[in-house]
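Trainee: Would you be able to build a 3D model of this:
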Amino acid sequence: MRSATDLPSTARTYRAPAGVSAPRLTGLRGVTAAADPAVVTETQRYDTDDLRLAAAGIRLELASGPDDAQWRLTVPGEDDVIRLPAAVPDVEGADPHSPPAELDELVRGVRRDRELRPVARVRTVRTTTRLLASGAPRAALDRDEVSVATLGESTTVDTWTEFALHPPARGAALATELERRLGDVGAVAATPGAEDRVDELLSPARPRRVRRGKKGTAGRVLVDYLARQVDALAAQDIRVRRDEPDAVHQMRVASRRLRSGLQAYRPLLDRERTDPLVDELRDLGRTLAPARDAEVLRERISAGISGLDPTLVLGPVQAQVTRHFARVEAEARAAVLAELDGDRYARLRTALDDFLADPPLSPRAGRPAGKELPKVAARTARRLEKAVARMKSDESDEAVHRVRKDAKRMRYATELARPVVPTKRFRKGLKGLQTALGEHQDSVVSREALRELGAQAHAAGDNGFTFGVLHGHDRAMAALVEARLPGLWDVAWRKKARRWLR
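Mentor: Numbering: from 1, shown residues only. Below is the predicted model of the structure:
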């Protein structure tokens, strides 16, 4: 016999005041009613005392029923819910009410130095009545007595009754009659509300307080941009801990954008408060860099090997690359996780929140954004011009890399000003220059790795010839990029394109 959950149609939800009984289900033509025993389920929401998870839109819950219990973690922007079985109480040392280490690790960047505890509870007593025709299910009605309560120094309790109607796949008359009877007891159409009600009760934690400044000012545009990057950094934290693709790169980009915004627009800020943030963000980027570089290098070198004429591939080079980068990536990931679990990173996250809550804006930040941001961004433009001039007389890899870093800062400074000044043409030209500079830097880092791989092959008695071939290809590619840079610079630095800079 199929259960109510086997019914093919989607349930329709209705809500009524607490204590409302189920409608009368007798006298329905062709069906008989069969009530199942009541089932009690309970969901506890976990958070810090100051509701940091709620402020970040994260749900950490322990859901328990008659047969089992499981932990659930829901993160904004992620489609899947992370589920883990709760610890078995009779296993020595296991505490079924303490969040599993795996989930605690994922939210550590949010909770930081605060402990997790139950902050709300949802209790549901469900009675299901199945409507049967010749022993087969035609429809079903769930009646839920719902109780939501916050837990802590003060408690708020809310109760109501919910009905979930599983109508028949065929037979509109039966569905219409069931809906009519629900209306007779005062039930109205609604959406399932328990989790949303918990969110509402915990809503004093949301949103994070950000003092943005007066609308239309340079400070307002700057703080809005920096707040988005802080949110991006926080969002990538959990993705990095889950080892999701591209997460380290995106976290690194967010930290770089933050740092560039603070540096490029220093005249709008109090440096005594922002310079320490810049230093910490730089160190975070340095910790993230090896993990990202290893991922890029492995893919680049593997693709290079695949693209070679087979006669140039001597020895087990692909296997060596796989072994080498498996070790490098594991070490880099361990370093990243150690950093994210450390006190220094927690202090940085707190300092960023404090910065947004009380931005140290200078008097210039109160000026109109459309006039002030270009003036300040011009400082970064002059810095880039000087770096390019040095590169023309010093064609070393270091000089090219310096231009790349300054071009990146210029790009982010331009990105920040985009809401109030026309920068599209300038950004397009700058992107072409920066792409070429990125290709050059990739070749520099790749050559260093290829030299190391070649030395390893030689030490192991293998042939390092193939790595030498790839090294030569990268050097030739770098020379081609260097030859293109003057033309790309002329395009990026056209007077019309940078007219927005004053």
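Trainee: Okay, strands next: where are they in the stretch 401-502 of the chain?
Mentor: Counting by DSSP state E, counting those that start in this stretch, one finds no strands in the stretch 401-502 of the chain.
Trainee: Tell me where it has helices.
Mentor: Taking DSSP state H, counting those that start in this stretch as the test, the helices found in the stretch 401-502 of the chain are 424-459, 465-492.
Trainee: List the buried residues for stretch 58-67?
Mentor: Using 16 or more other CB atoms under 10 Å as the test for burial, stretch 58-67 gives 58-64. Heads up, the C-betas are built off the backbone N, CA and C, glycines and all.
Trainee: so Leu141, which of the three states?
Mentor: Three-state call for Leu141 (DSSP: H, G, I helix; E, B strand; the rest coil): strand.
Trainee: For it, list each beta-bridge partner.
Mentor: Leu141 has these beta-bridge partners by DSSP bridges: Thr129, Leu165.
Trainee: and it, how many neighbours?
Mentor: Residues near Leu141, counting by other CB atoms under 10 Å, number 25.
Trainee: Kindly report the same for Val148.
Mentor: Neighbours of Val148 under the rule other CB under 10 Å: 24.
Trainee: cool, Pro118 as well?
Mentor: Pro118 is flanked by 15 other residues according to other CB under 10 Å.
Trainee: would you list every one of the strands in the protein?
Mentor: Taking DSSP state E, the strands of the chain run over residues 12-16, 32-35, 39-47, 59-64, 69-74, 82-85, 117-133, 136-150, 157-166, 188-189.
Trainee: Just tell me which of these ends up closest to Leu226.
Mentor: strand 39-47 (25.9 Å; CB to CB).
Trainee: Parallel or antiparallel, list what pairs with that closest one.
Mentor: When DSSP bridges is applied, strand 39-47 pairs with strand 59-64 (antiparallel), strand 117-133 (antiparallel).
Trainee: now the angle between strand 136-150 and that strand, please.
Mentor: Interaxial angle, strand 39-47 versus strand 136-150 (axes from the mean of the first three to the mean of the last three CA atoms, to 10 degrees): 40 degrees.
Trainee: can you list the helices of the stretch 401-502 of the chain in a markdown table and add mean neighbour count and mean pLDDT?
Mentor: Listed next are the helices of the stretch 401-502 of the chain as a markdown table, based on neighbours: other CB atoms under 10 Å; pLDDT from 0 to 100:
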| stretch | mean neighbour count | mean pLDDT |
| --- | --- | --- |
| helix 424-459 | 18 | 95 |
| helix 465-492 | 17 | 96 |
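Trainee: what's the closest of those helices to Asp50?
Mentor: helix 424-459 (39.8 Å).
Trainee: Just the angle for that closest one relative to helix 465-492, thanks.
Mentor: Using the same axes, to 10 degrees: helix 424-459 against helix 465-492 is 170 degrees.
Trainee: Centre-most residue in the protein?
Mentor: When CA atoms, centre = their mean is applied to the chain, the residue found nearest the centroid is Ala235 (2.7 Å).
Trainee: Please read off the pLDDT at that residue from the model.
Mentor: Each residue has a pLDDT score; the one for Ala235 is 91.
Trainee: Give me the neighbour count for the nearest residue to it once chain neighbours are set aside.
Mentor: Using CB to CB, 6 or more residues apart in numbering and skipping the chain neighbours, the partner closest in space to Ala235 is Gly77 (6.1 Å). Using other CB under 10 Å, Gly77 has 8 other residues around it.
Trainee: Now Gly77, what are its backbone angles?
Mentor: Backbone geometry at Gly77, expressed as degrees, to the nearest 10, gives phi 80, psi -10.
Trainee: give me every residue that touches Ala335.
Mentor: By CB atoms under 8 Å, 6 or more residues apart in numbering, the contact set of Ala335 is 287, 290-291.
Trainee: Met391 versus that one, what's the distance?
Mentor: Noted for Ala335: a distance of 32 Å to Met391, by CB to CB, to the nearest Å.
Trainee: Show the pLDDT at Val91.
Mentor: 55.
Trainee: what's the answer for Arg209, then?
Mentor: 64.
Trainee: circling back to that earlier point, can I get the strands paired with strand 39-47 in TSV including mean pLDDT and distance to Arg425?
Mentor: TSV is the format used below for the strands paired with strand 39-47 (pLDDT from 0 to 100; distance: least, CB to CB, whole Å):
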stretch	mean pLDDT	distance to Arg425
strand 59-64	96	44
strand 117-133	96	51
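Trainee: ok, and the closest non-adjacent residue to Asp113?
Mentor: In space, Asp113 is closest to Ala346, 6.2 Å off (CB to CB, 6+ apart).
Trainee: Kindly tell me how buried that neighbour is, as a neighbour count.
Mentor: Ala346, neighbours per other CB under 10 Å, totals 17.
Trainee: need the contact list for it.
Mentor: 109, 112-113.
Trainee: Which of those sits closest to Val321?
Mentor: Out of those, the member with the shortest distance to Val321 (by CB to CB) is Gly109, at 32.3 Å.
Trainee: show me where pLDDT drops low in the stretch 1-150 of the chain?
Mentor: 1-9, 89-96 (pLDDT under 70).
Trainee: Make sure Thr41 is actually in contact with Arg121.
Mentor: No. Thr41 sits out of contact with Arg121 when judged by CB atoms under 8 Å, with a separation of 11.2 Å.
Trainee: okay, these two: which has more neighbours?
Mentor: Taking neighbours as other CB under 10 Å, Thr41 and Arg121 compare with Arg121 leading, 18 against 15.
Trainee: Could you check how far the more buried one is from Ala18?
Mentor: According to CB to CB, Arg121 stands 16 Å off from Ala18.
Trainee: and if you look at Tyr412?
Mentor: 54 Å.
Trainee: which one of those two has more residues nearby?
Mentor: Tyr412 (22 against 11).
Trainee: OK, contacts around the more buried one?
Mentor: So Tyr412 contacts 256-257, 260-261, 264 (CB under 8 Å, 6+ apart).
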